[in-house]
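Colleague: The sequence and its predicted three-dimensional model are supplied below.
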Amino acid sequence: MLKIPEIFEIIKEATRSILANKLRSILASLGVVIGVSFVILMGWFLSGLDRAVEETFNLIGVDMIYVDQWDWSGGKNWKLLAARKPITLNQADELSKVLESAEIVVPVARKWNSTIVFKNDKLSGISVIGTKSEYGQTPGGTVINGRFFSVFEESQSSNVVVLGYGVNKTLFPKNDGIGQVIKINGKKFKIIGVVKKQSTILIDFLDNQIYIPINSFVGLFGNFRRSVSIAVKAGSESNLDLARAETIGAMRMIRNLKPWQEDDFSINETKAFEKSVESLRLYVWGIGIGLTVLSFVVGLIGIMNIMFVSVVERTKEIGIRKALGAKRLIILAQFLAESSFLCLIGAIFSFLFCSVLIYFVATFLPTIFPSTEFLLPYLPMRLIIIASIVSIFVGILAGLLPALRASKLDPVESLRFE
């Protein structure tokens, strides 16, 4: 068992040896720098991804389900989904009347790739959403400026519009759009509100939407052969299973499905994204772990070779220390401490490099690609701790064989070494 004075002496000797060979120590640590950097960057990206997933779930609503002709997960045959009968506004109204477990049931009609006009500015690729006033009580309809349209405006087919965050930012950089008038399909609509930012890396189109009353939507775009989504808010996550089961049963009755027939509609919720997220995580882990292992192997071999050279160079010194009574354990611990310090130095360089890189990437990349705002501009403390532990472990592994060789040297033969 090592005593405290012996531990301090081991640390002192290991530090002295590293400082005596600065260039060699830095080159030996280079492989570890790369390996630790991969560990940090992989963990940083996955931390950001988890944050993006949480944001996406909150935006969709953990207590929300969406009845749709299409399956959001993309796991079903596209031709079979396209052959399904549309979900009509009448069916949405029927569902809202019979569904008892849900808090809100509201139709969501969509017109893709529309163009809106404000004065001389045209904005293309916008989705126009027709819905009811209750949609303002769902996560997707939460406004940050102004208000959502009312039941009265909905019943009167008023030409009022609520802008998505991205649309408002593009047309009104000074955030002064409330009260202004835009044209949708040639008709004038007054802006009464702006919805909060919704786009994430998983769903990047939600900010390019505008919302108008469902009757106004039908007046603009018609209702022939149009399939709508039905947003169902369960009220709480604990009530979600009951609401889902009741929704499926009610929709089967509304669409006159026989007991042996499969559902000709999809129930979409946050779980639809879990598979794609897990796949992305798997790819990141696979690539990251592969590159990390490769870098650590290179670093381990480099440090091991340097330590073997150090043992040879200090053979006589080891012989003198053993002749003066140094134990094998002290010699072993000294070389292990030296190799661990080399790796720890590599880890410190990695922390500095990755901190600067991460800050600039997380600060400037979202200005070009807004969907990357999920990236954190700093290193989570747990990543620093994990990287430090991994680097020390690699250092011990790299220095184990040279340390064993040094500790087993015969003092007499070592003193004769030239």
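Modeller: Nice, thanks for sending it over.
Colleague: any idea which element the most centrally placed residue in the chain lies in?
Modeller: Most central in the chain under C-alpha atoms, centre = their mean is L49, positioned 0.9 Å from the mean C-alpha point. In this assignment (DSSP states H and E), L49 forms part of helix 22-60.
Colleague: What strands line up against the next helix or strand after that helix, and which way round?
Modeller: On the C-terminal side of helix 22-60, the closest following helix or strand by DSSP H and E is strand 64-68. For strand 64-68, the paired strands and their directions (DSSP bridges) read strand 229-233 (antiparallel), strand 266-268 (antiparallel).
Colleague: I'd like to know which elements the helix or strand that the shortest one is followed by is packed against.
Modeller: I take that to be strand 266-268. Following strand 266-268 in sequence order, the next helix or strand is helix 274-313 (DSSP H and E). Secondary-structure packing of helix 274-313 (3 or more C-beta pairs under 8 Å, 6 or more residues apart in numbering; DSSP states H and E): helix 22-60, helix 328-368, helix 381-407. No exception for glycine: its C-beta is placed from N, CA and C like everyone else's.
Colleague: Select, out of those helices, the one closest to K174.
Modeller: Closest approach to K174 among these (C-beta to C-beta): helix 328-368, 18.0 Å.
Colleague: Give me the angle between that closest one and helix 274-313.
Modeller: 140 degrees (axes from the mean of the first three to the mean of the last three C-alpha atoms, to 10 degrees).
Colleague: tell me which strands and helices helix 328-368 is in contact with?
Modeller: Going by 3+ C-beta pairs under 8 Å, 6+ apart, helix 328-368 lies up against helix 4-20, helix 22-60, helix 274-313, helix 315-323, helix 381-407.
Colleague: circling back to that earlier point, report the contact partners of the residue nearest to the centre of the chain.
Modeller: 201, 277, 280-281, 284, 374 (C-beta atoms under 8 Å, 6 or more residues apart in numbering).
Colleague: State the three-state secondary structure for P377.
Modeller: coil (DSSP: H, G, I helix; E, B strand; the rest coil).
Colleague: That one and F360, how far apart?
Modeller: Per C-beta to C-beta, to the nearest Å, P377 is found 9 Å from F360.
Colleague: Then I254?
Modeller: 54 Å.
Colleague: Who has more neighbours out of those two?
Modeller: More crowded of I254 and F360, by other C-beta atoms under 10 Å: I254, with 20 against 11.
Colleague: Make sure the more buried one is actually in contact with Q91.
Modeller: Yes. Between I254 and Q91 there is a contact at 5.2 Å, judged by C-beta atoms under 8 Å.
Colleague: can you pull out the strands in the stretch 51-200 of the chain?
Modeller: For the stretch 51-200 of the chain, the strands defined by DSSP state E, counting those that start in this stretch cover 64-68, 104-118, 121-131, 143-146, 160-163, 181-184, 187-195.
Colleague: Of all those strands, which one is nearest F369?
Modeller: Of the strands of the stretch 51-200 of the chain, the one closest to F369 (C-beta to C-beta) turns out to be strand 121-131, at 16.4 Å.
Colleague: Please name the residues that touch the closest residue to S37 other than its chain neighbours.
Modeller: In space, and not counting its chain neighbours, S37 is closest to S350: 4.7 Å by C-beta to C-beta, 6 or more residues apart in numbering. By C-beta under 8 Å, 6+ apart, the contact set of S350 is 32-33, 36-37, 40, 387.
Colleague: count of residues packed around E278?
Modeller: 10.
Colleague: Need the pLDDT of it.
Modeller: pLDDT, E278: 72.
Colleague: do S17 as well
Modeller: 68.
Colleague: got the contact list for stretch 257-274?
Modeller: 53, 56-57, 60-62, 64-73, 76, 81, 84-85, 87, 202, 240, 244, 247-248, 251-252, 255.
Colleague: Count the neighbours of P86 for me.
Modeller: P86 has 14 nearby residues by other C-beta under 10 Å.
Colleague: so it makes contact with R226?
Modeller: Yes. Proximity of P86 to R226 meets the contact threshold set by C-beta under 8 Å, at 6.4 Å.
Colleague: does V277 really touch R51, like I thought?
Modeller: No. Using C-beta under 8 Å, V277 makes no contact with R51, being 11.8 Å away.
Colleague: Where does pLDDT dip in the stretch 51-200 of the chain?
Modeller: 73-76, 200 (pLDDT under 70).
Colleague: again, but for the stretch 251-400 of the chain
Modeller: Ranges of the stretch 251-400 of the chain meeting pLDDT under 70: 271-276, 370-371.
Colleague: what about 80?
Modeller: 270-300, 302-303, 306-307, 309-311, 313-315, 317-327, 366-375 (pLDDT under 80).
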